[in-house]
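S.K.: pasting a predicted model and its sequence here:
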Amino acid sequence: MVLKQRRGKKAPVANAPAKAAATTNTNNDVDVEEKDHFNPAIIVALFYTLACGLLFFFYNKYGPAIFLGKGWKDYKWSPYKWRKFIDDNEKTILIIGGPHR
């Protein structure tokens, strides 16, 4: 096994047998120089797990209203119920547009 010199470091001293003995590898299948590398996929997976967990919690609490707004049930009203709602609350409806082809 050949020791690599890192940039910015001095070459190893020849009269330092303790360090050389510590880095010798007796197992040929395990490398002493092997480092544990940080995997950023763990952070991404934790973020998505947290986001999905919060979304699941609030969906169970509020239902589809978290996606559609608080008036999401209004589209299920019949025309008669809409007319009653408009007349009772003195609402004005403004229709913008014209004849469509």
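M.R.: Okay, I see it. Numbers count the residues shown, from 1 in each chain.
S.K.: please make it C-alpha for all contacts and neighbour counts, starting now.
M.R.: Fine.
S.K.: got the CA coordinates for stretch 66-74 in PDB?
M.R.: This file holds the C-alpha atoms of stretch 66-74, laid out as PDB (Å, rounded to 0.1, in the frame of the first residue of the first chain):
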ATOM      1  CA  ILE A  66     -56.200  22.200   2.700                       C
ATOM      2  CA  PHE A  67     -55.800  21.900  -1.100                       C
ATOM      3  CA  LEU A  68     -59.000  23.400  -2.300                       C
ATOM      4  CA  GLY A  69     -59.700  26.200   0.100                       C
ATOM      5  CA  LYS A  70     -62.600  26.600   2.600                       C
ATOM      6  CA  GLY A  71     -65.200  26.900  -0.100                       C
ATOM      7  CA  TRP A  72     -64.500  23.500  -1.700                       C
ATOM      8  CA  LYS A  73     -68.000  22.200  -0.800                       C
ATOM      9  CA  ASP A  74     -69.700  25.100  -2.700                       C
END
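S.K.: what's next to that stretch, contact-wise?
M.R.: 58, 59, 64, 65 (CA atoms under 8 Å, 6 or more residues apart in numbering).
S.K.: what's the spacing between residue 80 and residue 87?
M.R.: 11 Å (CA to CA, to the nearest Å).
S.K.: please read the previous query as pertaining to residue 81.
M.R.: For residue 81 relative to residue 87 (CA to CA), the value is 10 Å.
S.K.: from residue 77, how far off is residue 64?
M.R.: Going from residue 64 to residue 77 by CA to CA gives 17 Å.
S.K.: could you do residue 66 as well?
M.R.: 20 Å.
S.K.: for these two, indicate the residue with more neighbours.
M.R.: Per other CA atoms under 10 Å, whichever of residue 66 and residue 77 has more neighbours is residue 66, with 14 against 10.
S.K.: give me phi/psi at that one?
M.R.: phi -70, psi -20 (degrees, to the nearest 10).
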